[in-house]
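K.L.:
My questions are about this predicted structure, shown below with the sequence.
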Amino acid sequence: MTTTLIQEDDLVAEAAAGSHTHAVGDTSSAGILPFTSSTPFTMGIELELQLVNRRNYNLASDAVDLLTWIAPRDLQKQIKLEMTQGMIELNSGIHTRVDDLIEELKGLRAALNRGAQHLNIDVSGGGAHPFQHWNEQRITPSERFFHLHEKYGYLAKTFTVFGQHIHIGVPNGDDALYLTHAFSRFVPHFIALSAASPFYQGADTKFDSSRSNVVRAFPLSGTAPVQTKWSEFETYYDELLQMGIIGSMKDFYWDIRPKPEYGTVEIRVCDTPLTIEHAAHLGAYAQLLARWILTERPFEIRDDFYLLYQFNRFEASRFGLNGMLALHGESPATSSKLPIFEHLLLQLQLLQPYVQNEVELITLKRLRHMAHNRLSDAGWLRQAFTQRGSLNDMMRMSSELWMDQSPPSYFQ
């Protein structure tokens with residue numbers, strides 16, 4: 001077991017979503033936190049994956065050794081270490097088309113699978129390992145990770161959960177803040193569509209996404225402040241910086257956050273899906289939503305914008321597509337509720353005019369099929385457990401699903 005201190009690099013997906021697409025020297029602010037302009041609606045994703053041993057399919061603390069087996073060597077820039085050593089992260093490049101994203105992810109997966117074979121371990125998607133114990137996890141040797149472990153105590157190890165982050169390129173800081181707030185109305189969609197963590201600490205949690213609850217424990221989690229001008233956000237950021245509450249944007253664990261250095265807005269609420277295909281189409285859904293949002297400007301960002309947010313987030317985490325969505329009205333008397341799957345179907349219809357190629361039509365078709373039939377990875381995992389009667393076997397099947405490139409029939 002190596003004890004080398006690893007210096008954590010910035011996430012490739014974040015850089016990819018902005019640094020290769022922005023106009024050099026083009027910033028929307030010259031203040032404390034300049035926003036780098038990116039090509040609008042480009043996308044990149046990050047996937048946090050589970051490393052499991054082949055004896056009982058518990059987490060394997062082999063991430064550091066696995067990284068040395070990644071070939072070709074250039075791909076090590078896109079396969080990264082995470083907080084604990086049972087996790088590894090894939091980072092995509094920048095993309096405008098979801099089919100190109102899928103092809104890149106297939107190459108990264110193949111490299112990861114080859115490396116895993118050398119260590120006799122498997123790789124799996126899913127938002128949480130079903131029976132690992134947080135106190136058994138090992139912090140990855142990194143100056144930043146050691147600092148976070150010292151700062152957050154046991155929360156750092158309980159953060160051994162696995163998420164997908166989606167980055168969407170935006171041209172300026174004001175648009176980034178509008179998109180950050182507007183995306184929040186669709187957080188229940190992303191949670192329900194990606195939900196893949198029904199089991200945790202050896203039990204069925206009754207949640208489709210138990211991972212969502214773990215993330216909320218951090219003090220700077222939740223939602224961004226209700227601000228619409230980047231100059232206002234810079235002032236807020238600078239005040240927290242001067243008070244020593246934060247050291248950088250990385251210290252915000254918000255569900256959705258702007259990433260000014262890369263010119264993106266980052267959605268952070270998704271569980272890692274069981275297949276790369278589904279992960280890529282979630283990225284395409286965010287891309288379509290961003291086109292619609294920044295064209296139509298459908299929301300007025302007011303002080304009460306997040307009034308129903310926690311209720312809706314809980315419903316999606318607990319019940320998935322069957323959860324109820326509370327809809328904002330002009331007054332409480334005109335507010336209403338709608339099943340999440342029905343709200344999703346209505347939104348997919350609104351996005352139809354914003355489709356730019358045939359693969360985006362496939363994205364809409366897939367998500368529409370999931371919504372109509374209330375299909376999810378959480379449901380697949382529960383079905384696998386029912387069939388096999390063992391969480392160990394369920395994890396073996398989940399890893400085969402990831403590594404054998406054979407997605408469930410409803411994700412074809």
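P.N.:
Good, I have the coordinates. Residues are numbered from 1 along each chain as shown.

K.L.:
use CA for all of it now, contacts and neighbours both
P.N.:
Noted.

K.L.:
How many residues are close by A203?
P.N.:
Look at A203: counted by other C-alpha atoms under 10 Å, it has 11 neighbours.

K.L.:
Just grab the bridge partners of it for me.
P.N.:
Assessed by DSSP bridges, A203 has beta-bridge partners Y200.

K.L.:
is it true that it touches P130?
P.N.:
Yes. Between A203 and P130 there is a contact under C-alpha atoms under 8 Å: 7.3 Å.

K.L.:
what do the two both touch?
P.N.:
The contact sets of A203 and P130 do not overlap (C-alpha atoms under 8 Å, 6 or more residues apart in numbering).

K.L.:
Do a quick rundown of the helices in the stretch 201-350 of the chain.
P.N.:
All helices of the stretch 201-350 of the chain, identified by DSSP state H, counting those that start in this stretch, fall at 211-215, 230-242, 276-296, 309-319, 340-351.

K.L.:
So which bits of stretch 288-301 are buried?
P.N.:
Using 16 or more other C-alpha atoms under 10 Å as the test for burial, stretch 288-301 gives L288, L289, A290, R291, W292, I293, L294.

K.L.:
confidence score at E136?
P.N.:
At E136, the model reports a pLDDT of 90.

K.L.:
Pull the number of nearby residues for it.
P.N.:
Residues near E136, counting by other C-alpha under 10 Å: 11.

K.L.:
can you tell me how far it sits from V215?
P.N.:
Separation of E136 from V215 (C-alpha to C-alpha, to the nearest Å) stands at 19 Å.

K.L.:
Where does pLDDT dip in the stretch 251-400 of the chain?
P.N.:
Low-confidence segments of the stretch 251-400 of the chain, defined by pLDDT under 70: 330-335.

K.L.:
rerun that using 80 as the cut-off
P.N.:
Residue ranges of the stretch 251-400 of the chain with pLDDT under 80: 329-335.

K.L.:
so where do the strands sit in it?
P.N.:
253-254, 256-259, 264-271, 324-327, 336-339 (DSSP state E, counting those that start in this stretch).

K.L.:
Pull up the pairing partners for the first one, direction included.
P.N.:
The sheet places strand 253-254 alongside strand 221-222 (parallel), with pairing taken from DSSP bridges.

K.L.:
contacts for the strand it pairs with?
P.N.:
So strand 221-222 is in contact with V215, R216, F252, Y253, W254, D255, going by C-alpha under 8 Å, 6+ apart.

K.L.:
Apply 10 Å and report the result again.
P.N.:
For strand 221-222, contacts defined as C-alpha atoms under 10 Å, 6 or more residues apart in numbering pick out V215, R216, D251, F252, Y253, W254, D255, I256, R257, Y309, Q310.

K.L.:
do you know how far the third one is from M83?
P.N.:
I take that to be D251. Distance from D251 to M83, by C-alpha to C-alpha: 14 Å.

K.L.:
what about these two, which has more around it?
P.N.:
Using other C-alpha under 10 Å, the more surrounded residue of D251 and M83 is M83, with 23 against 14.

K.L.:
OK, contacts around E360?
P.N.:
Residues in contact with E360 (C-alpha under 10 Å, 6+ apart) are R97, V98, D99, H281, A284, Y285, Q287, L288, Q352, Y354, R366.

K.L.:
Need the pLDDT of the closest residue to the fifth one other than its chain neighbours.
P.N.:
Across the structure, with C-alpha to C-alpha, 6 or more residues apart in numbering as the measure, the residue nearest A284 apart from its sequence neighbours is V98 (5.9 Å). What the model reports as pLDDT for V98 is 97.

K.L.:
What about V98, how many residues nearby?
P.N.:
The burial count for V98: 25, using other C-alpha under 10 Å.

K.L.:
ok, now how distant is it from K365?
P.N.:
Distance, V98 to K365, using C-alpha to C-alpha: 14 Å.

K.L.:
got any residues that touch both of those two?
P.N.:
With C-alpha under 10 Å, 6+ apart as the test, V98 and K365 both reach V359.
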